[in-house]
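give me coordinates for this.
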Amino acid sequence: MSTGAEKRGEAHAEVVIVGAGMVGAALACLLGEAGVEVALVDAREALLDPEAVGRGQPAMRVSALTPVSQRLLERLGAWEWMAARRVSPYRHMQVWDAEGSGEVSFSADQAGVPILGHIVENDVTLAALERRLRALPSVQLVLGGRVAGLEAAEGEARRVRLADGRCLVAPLVVAADGARSPLRELAGIETRERDTGHRAVVTTVRVARAHGEVARQAFLPTGPLAFLPLCLEGESHYCSIVWSTSPEEAERLQGLSPEALGQALAAAIDHRLGEVTVVERTVAFPLVQRHAERYVLPGLALVGDAAHSIHPLAGQGVNLGLMDAAVLAEELLAARRRGVGLGNERWLGRYARRRRADNAGMLALMDGFRLLFGARHPALALARNLGMSGVDRLTPVKRLLLQQATGHRGRLPLSCR
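Got it, this is the predicted structure:
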């Protein structure tokens, strides 16, 4: 892999990927392994330092990676390094309504899998993918690349113009540049947006009682609170916190002292883990669900948050993005074998059809949960609690929900089987 940061002028590739986060890096790995010439563009000036990642206190931004995503990362040769650094398995889930008696529990045994997933720091996943990219000669990393324009080039190709004057030309450009994707805006693709009215308050805590590899989520009057288990140097007393709540409550929580915030967190989950000690600063960010009106145009495809951003309620955001990358790579390699242009809109439509329905279904499911648990009407609260109790008793329903949670939905690409 060459960095190409010093090059100027116009460069050509088979695929230009804008955005070298987890989804863009995974797509570049999948294509690079097959010998596809990829230019991977990112605004960052340097890669992560792998020696500094996964050391000391856990990073604040984490993801719940499903077994399907794990198989993809294993296929890419990234998982072994991640596991040697820091991944935190969870084998059980507990979800309850803090305003009632409804509760449902899930276990890996019920799903017929060894684990339900892993909580992994985003930097650990990204550093592992970057290590893999370094070994792929057909991938060129273009650092410090801020997109300034998207233009038609010769034939059906697209030209990406960077702010420093560099230009990249390819039959296909992929937008993996996040929820506020500049490339998506330059292409004129509209999104349907829904402001959830929530902000996510994120921090890391130490708990008095070992978490027991259980992911816990309480639905509070102000929004869902998740305690995601972290394993730090073999110790099971750390959790990553994601508290989705109103902007006013988020501001109040951020204004609390670490001691007061720990007390609020402990009370919010009925002291199930004993005393809670905040060990990291607290940050908050708005939660907006977006779904692009189109995933593809001639010579252009959207993946990950550029195509869809979801409420963190079920921790599915990065898993949906990694599935986008796996499906798009599978379709592009099939097109390449058949001599079809990689920017052919009809062929790109195969990717869009395979991913749009799954992503839309998950967005709708999360919105339904958010609205149901946000409802304060007594009748809805009663129905909610009865429903949760019923789900806990009905094995077929639990198995269906577990399939959703572990990523076993629909036709999986070969790289994820």
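
so in the chain, where's the weakest helix or strand by average pLDDT?
Within the chain, no helix or strand scores below helix 378-393, which has a mean of 50 by mean pLDDT, DSSP states H and E.

which residues of the stretch 101-250 of the chain score low on pLDDT?
For the stretch 101-250 of the chain, residues meeting the criterion pLDDT under 70 lie at 101.

which residue ranges of it form strands?
Ranges of strands in the stretch 101-250 of the chain, per DSSP state E, counting those that start in this stretch, are 103-107, 117-121, 139-142, 147-152, 158-162, 167-170, 172-175, 191-207, 214-220, 223-232, 235-245.

contact partners of the fifth one?
Meaning strand 158-162. With contact meaning Cβ atoms under 8 Å, 6 or more residues apart in numbering, strand 158-162 is reached by 10, 16, 18, 41, 142, 145-153, 167-173, 183, 299-300, 343. (C-beta placed from N, C-alpha, C; glycine too.)

show the buried residues in those residues.
Listed as buried from the contacts of strand 158-162 are 16, 18, 41, 142, 145, 147, 150, 153, 167-173, 183, 299-300, 343; burial here means 16 or more other Cβ atoms under 10 Å.

report the buried residues of stretch 156-168.
The neighbour-count check on stretch 156-168 (16+ other Cβ under 10 Å) flags 157-162, 166-168 as buried.

now stretch 58-67
Result for stretch 58-67 [16+ other Cβ under 10 Å]: buried residues 58-60, 62-67.

and those residues, which is closest to Glu331?
When the buried residues of stretch 58-67 are compared for distance to Glu331 (Cβ to Cβ), Thr66 wins out at 21.3 Å.

so for that closest one, what's the pLDDT?
Note for Thr66: predicted pLDDT of 94.

skipping adjacent residues, who's closest to it in space?
Gly407 (3.6 Å; Cβ to Cβ, 6 or more residues apart in numbering).

my guess is that neighbour contacts Asn319. True?
Yes. Using Cβ atoms under 8 Å, Gly407 is in contact with Asn319, at 5.6 Å.

helix or strand for the residue sitting nearest the centre point of the chain, just tell me which one.
The residue lying closest to the centre of the chain (Cα atoms, centre = their mean) is Val318, at 1.5 Å. Element membership for Val318 (DSSP states H and E) is helix 317-338.

pLDDT of that helix, averaged?
In the prediction, helix 317-338 has an average pLDDT of 96.

how far does that helix sit from its chain's centre?
Its chain's C-alpha centre and that of helix 317-338 lie 16 Å apart, by Cα atoms, centre = their mean, to the nearest Å.

can we start the residue count at 386 from this point?
In the new numbering, first residue 386, that becomes helix 702-723.

quick check: buried residues in it?
702-718, 720-721.

which elements pack onto that helix?
Using 3 or more Cβ pairs under 8 Å, 6 or more residues apart in numbering; DSSP states H and E, the elements in contact with helix 702-723 are helix 407-418, strand 447-450, helix 452-460, helix 730-759.

which one is the residue nearest to the centre of the chain nearest to, not counting chain neighbours?
Ser448 (4.4 Å).

so which of the helices and strands packed on helix 702-723 is the most surrounded?
Most buried of the helices and strands packed on helix 702-723 by mean neighbour count (mean count of other Cβ atoms under 10 Å) is helix 407-418; its value is a mean of 27.
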